[in-house]
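Student: Next comes the sequence, and after it the predicted model I'd like to discuss.
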Amino acid sequence: MMVMEAKEVCKGYKVTELGEIPIEWDVQSLEDLSERILVGLATSVTKYYRNSGIPIIRNLNIKKGYFDDTKMLYLDEDFCKKQRNKAVKMDDVITVHTGSNLGLTCLVPEEYNGSQTFTTLITTTKKKILNPKYLCQHMNSYLGISEINRLQVGGGKNNLNVSDLKNYKIAIPPIEEQQKIVEILSTVDEQILNTEKLIERTKKNKEGLVQQLLSKGIETTKFKYTELGEIPYDWEVVRLEEICTFLDGMRRPVKSSDREKMKGDYPYYGASGIIDWVNNYLFDEELILLAEDGENIRSRNLPIAFKVTGKCWVNNHAHVFKVTNRDRDVSDFIVYFLEKKDYTKFINGSAQPKLNQKECRSFLIARPPYTEQKKIADILSTVDEQIEAYEQEKQKYIELKEGLMQQLLTGKLRVTV
């Protein structure tokens, strides 16, 4: 019989069902740490919607660690008076109980004290032993995700009930240490949120620039009227097929099972970008890809356009074409023009909308002289580079927070009180 050697426990720590934690910490069920755990309104409330009244919080308002009130609905006040026991309080922990965002958690802001929720899990903690902000951080961490997965697996269900949430296990430090941990993680959250605001602001600025530059040009004073509306006098209107060569006949799909056998160094492109890497290629030049079908068209009604260079493979979910004369036309300019295009009337089908090649070939492009195309593309590329820099900065903060949570929420890294 094989004898397993007992693992030595670090000094100041103890072994629990959740692993090794500091001696001062306890493992408890959320039910024992809460004043109440319940679900919000679970019946149809459509007939009680009003233009104003009591806010109703829905799953779409719950983001990872923050409350999004950009899309609020309101309920009849008299109806809500009969549902007082379901109303949320400030700093209640609210959690998505079903669907793809199962387990996503945030706190109820002060201004939404007394609101109702629709099929949302509500936890009011015993604040003297469990800081609601600590619980929120824990539930959104890898520890919380793991625990929620454990609770909702039974029977193959993709939902989390009140009875499940009551059995949520959590290792909790003394309340003072919880507060310190919350302060540290909240500081990083603030950096992430500030960076997200910079990203959104820069994207908004880009939208304005695109609208201005791709219709009015750079310092243009003289205009003419065309089938695309007013454009600078020295611009011309051309069809996409007049300035680009389509290469759709060269693209080929590869089954996911076959891609496993073809793993390599060349990007495999689909409708929205790189989806895999393979050991062979179909193209080796500067190309423009435009989504033909896929999730991006169904959900946004807007195909994605992007430029690729070098050796690559493209499947049959993206149109492939290239600038015919690169001394006359700039690929980046064409991509930006395609980004801003309204595709509503071109997309066929409802279950799986599709942008066919015939329509693509007939797209009208307002075409500036080459030097102006280059200048416009350079301006917009600079903005894109700034957005990418902010995205990378945000990712660094996210990785920093993940590392801190792994240390702080398990007690591997202690904070002084």
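Tutor: Happy to help now that I have it.

Student: need the longest strand for this structure.
Tutor: In the chain, assigned by DSSP state E, the strand with the most residues is strand 263-270.

Student: what's downstream of that strand, the next helix or strand?
Tutor: strand 273-278 (DSSP states H and E).

Student: Sheet-wise, list the partners of that following strand with their directions.
Tutor: Its sheet considered, strand 273-278 pairs with strand 263-270 (antiparallel) by DSSP bridges.

Student: buried sites along the longest strand of the chain?
Tutor: Across strand 263-270, burial judged by 16 or more other Cβ atoms under 10 Å covers 266-270. All C-beta atoms are positioned from the backbone trio N, CA, C, and that covers glycine.

Student: Go through those and say which is closest to Arg150.
Tutor: Gly270 (33.7 Å; Cβ to Cβ).

Student: Touching, the closest one and His317? I think so.
Tutor: Yes - taking contacts as Cβ atoms under 8 Å, Gly270 lies within contact range of His317: 4.9 Å.

Student: ok, which stretches of the stretch 1-150 of the chain are strands?
Tutor: Here the stretch 1-150 of the chain has its strands, by DSSP state E, counting those that start in this stretch, at 13-16, 19-22, 26-29, 34-39, 49-50, 54-57, 73-75, 93-95, 105-107, 116-117, 121-125.

Student: For Gln137, which of these is the nearest?
Tutor: Closest among the strands of the stretch 1-150 of the chain, using Cβ to Cβ: strand 105-107, at 8.9 Å.

Student: what helices or strands is the closest one leaning on?
Tutor: strand 93-95, helix 132-139 (3 or more Cβ pairs under 8 Å, 6 or more residues apart in numbering; DSSP states H and E).

Student: ranking those by burial, who's on top?
Tutor: strand 93-95 (a mean of 26; mean count of other Cβ atoms under 10 Å).

Student: just checking, what packs against that strand?
Tutor: Short answer (3+ Cβ pairs under 8 Å, 6+ apart): strand 93-95 packs on strand 105-107, strand 121-125, helix 132-139.

Student: any residues touching stretch 405-417, and which ones?
Tutor: Here stretch 405-417 makes contact (Cβ atoms under 8 Å, 6 or more residues apart in numbering) with 13, 19-22, 25, 137-138, 141-143, 171, 173-174, 176-177, 180-181, 184-185, 404.

Student: Just the buried residues from those residues, in PyMOL please.
Tutor: The buried residues among the contacts of stretch 405-417 can be selected in PyMOL (16+ other Cβ under 10 Å) with this line:
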select buried, resi 13+21+22+25+137+138+141+143+171+173+177+180+181+184+185+404
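
Student: on that earlier part again, is it possible to get a markdown table of the buried residues of strand 263-270 that adds distance to Cys244 and pLDDT?
Tutor: Below are the buried residues of strand 263-270 laid out as a markdown table (distance: Cβ to Cβ, whole Å; pLDDT from 0 to 100):
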| residue | distance to Cys244 | pLDDT |
| --- | --- | --- |
| Tyr266 | 23 | 96 |
| Pro267 | 21 | 96 |
| Tyr268 | 22 | 96 |
| Tyr269 | 17 | 95 |
| Gly270 | 20 | 91 |
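
Student: Pick out whichever of those sits closest to Arg239.
Tutor: Tyr269 (24.5 Å).

Student: Next, give phi and psi for the spatially closest residue to Arg252 that is not a sequence neighbour.
Tutor: Closest residue to Arg252 apart from its sequence neighbours, by Cβ to Cβ, 6 or more residues apart in numbering: Leu282 at 6.5 Å. Backbone torsions of Leu282, given as degrees, to the nearest 10, read phi -110, psi -30.

Student: Okay, helices next: where are they in this structure?
Tutor: 77-81, 132-139, 142-152, 162-166, 175-216, 240-243, 256-261, 295-300, 331-340, 357-361, 370-408 (DSSP state H).

Student: With respect to Leu104, which of these lies nearest?
Tutor: helix 132-139 (8.5 Å).

Student: Quick one: mean pLDDT for the closest one?
Tutor: Across helix 132-139, the average pLDDT comes to 97.

Student: contacts for that helix?
Tutor: Contacts for helix 132-139 (Cβ under 8 Å, 6+ apart): 30, 33, 65, 91-93, 95, 103, 105-107, 123-125, 144, 148, 168, 170, 172, 178-179, 181-182, 185-186, 405, 409.

Student: Run through the residues that contact Trp277.
Tutor: Trp277 makes contact with 263-268, according to Cβ under 8 Å, 6+ apart.

Student: between the residues you listed, which is closest to Ile376?
Tutor: Pro267 (27.0 Å).

Student: Just confirm that closest one contacts Asn315, I think it does.
Tutor: No - Pro267 is not in contact with Asn315 according to Cβ under 8 Å; the separation is 11.4 Å.

Student: quick one: low-confidence parts of the stretch 1-150 of the chain?
Tutor: Low-confidence regions of the stretch 1-150 of the chain, defined by pLDDT under 70, span residues 1-7.
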